[in-house]
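Student: Sharing a sequence plus its predicted fold:
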Amino acid sequence: MKKIFSKIDGQLLHIVHRVSDFSLDSREDLVDAENFLQQSTIPLEEGTTFKAHKHLFKDVDFEKYIAQESWVVIKGKVRCHFYDTDNSLIEEIDLDVGDCSITLLGGHTYTGLENETLVREFKTGPYHGQKMDKKFI
């Protein structure tokens with residue numbers, strides 16, 4: 001797993017987790033609990049299960065939140081362009097099938113490197129439209 005930190009203030013901005021980073025031994029939490037977007041890897045052997053459950057609505061203890069986003073490559077290949085909090089390009093990394101990126105802070109964009117590339121995007125909500133959610137670099 002690669003963690004990319006701000007050159008401005010040392011904050012964790014981006015995480016890249018590759019298929020080859022998976023542990024077959026135990027669950028691994030990729031993102032610290034104080035972030036809005038949570039992501040873990042969970043190895044499952046045949047027949048492995050856990051108690052069925054649902055998640056509860058709860059009161060939150062923060063006044064502001066930021067959309068955090070993750071992409072998982074399903075087919076093809078993408079190049080991630082990661083930006084620092086001052087909008088400067090900090091790193092470019094290619095992702096293959098099964099690899100994922102997580103953006104907690106800073107900016108990002110992606111470039112498809114093969115035709116018919118497919119990705120899944122996950123991000124925190126609720127979404128109140130582009131004007132409230134993002135600022136272009």
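Tutor: On my side now, so go ahead.
Student: residue at max distance from the center of this protein?
Tutor: The C-alpha centroid of the chain is most remote from Gly47, which lies 28.4 Å away (C-alpha atoms, centre = their mean).
Student: Tell me where this structure is predicted with low confidence.
Tutor: For the chain, no stretch is flagged by pLDDT under 70.
Student: Geometric centre of it: which residue is closest?
Tutor: Ile102 (1.9 Å).
Student: Provide the contact partners of the helix or strand that contains it at residue level.
Tutor: Taking DSSP states H and E as the criterion, Ile102 maps to strand 100-103. Strand 100-103 is contacted from outside by 13-17, 30-31, 37, 39, 68-73, 80, 82, 93, 95, 108, using C-beta atoms under 8 Å, 6 or more residues apart in numbering. Just so you know, the C-beta spots here come from the backbone N, C-alpha and C atoms, and that holds for glycine as well.
Student: One more pass at 6 Å, please.
Tutor: Outside strand 100-103, the residues within contact range by C-beta atoms under 6 Å, 6 or more residues apart in numbering are 14-17, 39, 69-72, 80.
Student: Those into JSON lines, with extra columns for neighbour count?
Tutor: Below are the contacts of strand 100-103 laid out as JSON lines (neighbours: other C-beta atoms under 10 Å):
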{"residue": "His14", "neighbour count": "24"}
{"residue": "Ile15", "neighbour count": "18"}
{"residue": "Val16", "neighbour count": "19"}
{"residue": "His17", "neighbour count": "23"}
{"residue": "Gln39", "neighbour count": "17"}
{"residue": "Glu69", "neighbour count": "16"}
{"residue": "Ser70", "neighbour count": "22"}
{"residue": "Trp71", "neighbour count": "20"}
{"residue": "Val72", "neighbour count": "18"}
{"residue": "Cys80", "neighbour count": "22"}
